[in-house]
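> Give me the fold of what follows.
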Amino acid sequence: MILGLLKEHGTETRVALLPDIVQNLTDLKVEVLVEQEAGEKAFVTDAAYEEAGAKIVTRNEIFEKSEVVLQIQLPLTNEVDKLKGSQVWISAFNPLWETDLVKTFQEKGLTTFSLDSIPRTTRAQAMDILSSMATVSGYKATLEAALKLPTFFPMFMTAAGTIRPANVLILGAGVAGLQAVATARKLGAQVFVFDVRSAVKEEVKSLGGKFVEVEGATEDKDAGGYAVEQTEEYKNKQQEAINAQAIKSDVIICTAQIPGRKAPLLVPKETVEKMKPGSVIVDLAASTGGNCELTKNDETVHFQGKTIIGQSNYTSLMPIDASRMFGKNVLNFLKLIIGEEGALNLNFEDDIVKGTCITHQGELYNERVKSTIENK
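Residues are numbered from 1 along each chain as shown. Next up, the predicted model:
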């Protein structure tokens with residue numbers, strides 16, 4: 001099998017494979033082609049890839065020679081046509097959101113895998129890029145909030161008096177939210193957490209957070225651990241609870257998202273108006289509309305003395321470790337499709353391979369993506 005590693009475009013600084021993972025692949029008898037300067041923004045030289053056994057080539061050579069083409073981002077529009085029906089495309093292209101791209105892949109008969117669709121099962125944990133990248137995001141979001149806040153996070157007993165600890169509200173207790181809880185607690189803040197899933201209550205408490213409970217949430221055991229759409233009655237009760245806690249908070253970290261849908265609005269403009277001047281909101285759901293009404297993706301908004309940071313790509317601010325984690329997840333997934341002597345082996349009898357596959361031979365393979373497209 002010949003695997004081609006592409007250089008990321010735009011502001012993305014990560015790379016899908018670091019040299020140590022390339023070495024693992026070459027040990028499995030996979031030939032690895034790496035685009036020139038693919039690892040430059042992650043502080044990795046072409047020489048390091050060559051030492052690991054890769055061959056440095058041009059971008060066009062990747063498309064011409066590779067059986068499997070790998071990158072983190074979705075492909076550039078003008079490069080989809082470069083992909084051949086015999087090739088396999090692997091990236092994290094958010095198929096529940098990028099439905100037009102999925103349709104293009106289907107029409108072209110391409111075999112595609114989206115790493116953000118890996119099933120949320122125990123066996124697949126070692127391949128779960130969403131969890132790995134959410135760990136980075138939750139950590140970095142909390143640090144940025146601490147830097148932007150005009151007060152301390154921890155309590156201080158000083159000769160000048162007592163400094164009270166910051167109140168931090170975290171919306172959503174997925175991996176990013178739980179990492180934010182852990183980081184904020186280590187920095188000495190008081191942490192309050194809201195999530196519609198009662199199952200995460202004990203995890204929040206074990207990290208030192210206080211769970212803000214609103215009764216009556218709808219939970220779906222088939223949702224793979226994700227939050228699901230709630231009733232209007234629950235949304236009203238939820239909003240009252242969040243508003244009451246938000247106006248007492250110094251920091252709000254928003255992480256709540258529903259796959260394939262616009263992020264739920266949890267912090268309306270009226271709530272922000274009631275927050276204390278100097279308060280900071282960091283919205284990790286910015287790319288899908290944001291949990292805060294005033295959020296603008298990739299922008300920082302200043303509103304009545306409050307700061308709202310719309311940031312959904314903190315992973316690019318920590319490219320070395322983010323790339324290391326991403327690459328390890330990728331390697332574990334690739335092992336499922338690498339056969340004897342390094343040959344490509346697409347085993348669709350494997351539930352992880354089938355669940356991660358979005359399109360193959362003109363068919364939609366992923367059931368959630370298929371349902372989303374059919375219902376649009």
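> quick one: pLDDT of the residue nearest to Val30 when sequence neighbours are not counted?
Of all residues not flanking Val30 in the chain, Gly342 sits nearest, at 4.6 Å (C-beta to C-beta, 6 or more residues apart in numbering). C-beta here means a position set from N, CA and C on the backbone, and glycine is covered the same way. What the model reports for Gly342 is a pLDDT of 95.
> Also Gln230?
So, for Gln230, pLDDT stands at 62.
> One more: Ser114?
98.
> Tell me what it is bridged to.
Ser91 (DSSP bridges).
> if I pick it, what's in contact with it?
By C-beta atoms under 8 Å, 6 or more residues apart in numbering, the contact set of Ser114 is Ser91, Ala92, Phe93, Asn94, Pro95, Thr356, Ile358, Asn366.
> Tell me which residues touch the residue nearest to Glu35 when sequence neighbours are not counted, please.
Leaving aside its chain neighbours, Glu35 sits nearest to Lys7 (4.5 Å; criterion: C-beta to C-beta, 6+ apart). For Lys7, the residues meeting the contact criterion (C-beta under 8 Å, 6+ apart) are Val15, Glu35, Gln36, Glu37, Ala38, Glu40, Arg59, Gln71.
> Make a PyMOL selection of the buried ones in those.
Buried subset of the contacts of Lys7, written as a PyMOL selection, criterion 16 or more other C-beta atoms under 10 Å:
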select buried, resi 15+35+38+71
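> now, which of the contacts of Lys7 lie within helices?
If you go by DSSP state H, the contacts of Lys7 have Arg59 in helices.
> Which one of the contacts of Lys7 is nearest to Lys248?
Looking at the contacts of Lys7 and their distance to Lys248, the nearest is Val15, at 42.1 Å (C-beta to C-beta).
> Roughly how far does the residue in the chain sticking out farthest from the centre sit from Pro150?
In terms of distance from the mean C-alpha position of the chain, Ala159 ranks first, at 43.9 Å (C-alpha atoms, centre = their mean). Remark: distance between Ala159 and Pro150 (C-beta to C-beta, to the nearest Å) = 21 Å.
> what about Phe43, neighbour count?
Using other C-beta atoms under 10 Å, Phe43 is surrounded by 13 other residues.
> Break this structure into its domains for me.
2-117+336-368, 135-317 (automatic domain parsing).
> Mind putting these into JSON lines with distance to Asp128?
Converted to JSON lines, these look like this (distance: least, C-beta to C-beta, whole Å):
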{"stretch": "domain 2-117+336-368", "distance to Asp128": "9"}
{"stretch": "domain 135-317", "distance to Asp128": "9"}
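> So Thr183 sits against Ser137, correct?
No. Using C-beta atoms under 8 Å, Thr183 is not in contact with Ser137, being 10.9 Å away.
> quick one on the thing from earlier: comparing the domains of the chain, which yields the minimum mean pLDDT?
domain 135-317 (a mean of 90).
> first to last residue in that domain, what's the distance?
13 Å (C-alpha to C-alpha, to the nearest Å).
> Measure how far it is from the centre of its chain, please.
Distance of domain 135-317 from the chain centroid (C-alpha atoms, centre = their mean, to the nearest Å) equals 16 Å.
> what about the strands in the stretch 151-300 of the chain?
Applying DSSP state E, counting those that start in this stretch to the stretch 151-300 of the chain gives strands spanning 156-158, 161-163, 167-171, 190-194, 210-212, 251-254, 280-283, 300-303.
> follow-up on the earlier one: next, find the distance separating the residue farthest from the centre of the chain from Lys210.
With C-beta to C-beta as the criterion, Ala159 and Lys210 are 30 Å apart.
> pretty sure Val330 contacts Leu17?
Yes. Val330 is within contact range of Leu17, at 6.4 Å (criterion: C-beta under 8 Å).
> got any residues that touch both of those two?
Leu70.
> More neighbours: which of the two?
Leu17 (31 against 23).
> relative to strand 167-171, how tilted is the helix or strand hosting Tyr139?
Per DSSP states H and E: Tyr139 is located in helix 129-148. Inter-element angle recorded for helix 129-148 and strand 167-171: 150 degrees (by axes from the mean of the first three to the mean of the last three C-alpha atoms, to 10 degrees).
> Now do helix 129-148 against strand 190-194, angle only.
Using the same axes, to 10 degrees: helix 129-148 against strand 190-194 is 140 degrees.
> neighbouring contacts of helix 129-148?
Outside helix 129-148, the residues touching it (C-beta under 8 Å, 6+ apart) are 92, 115-116, 118, 125, 153, 168, 174-180, 182-184, 187, 251, 253, 255, 280, 282, 284, 307, 309, 311-312, 314-315, 317-318, 321-322, 325-326, 328-330.
> got the buried residues for that helix?
129-146, 148.
> end-to-end on stretch 113-125?
Note: stretch 113-125 ends 17 Å apart using C-alpha to C-alpha.
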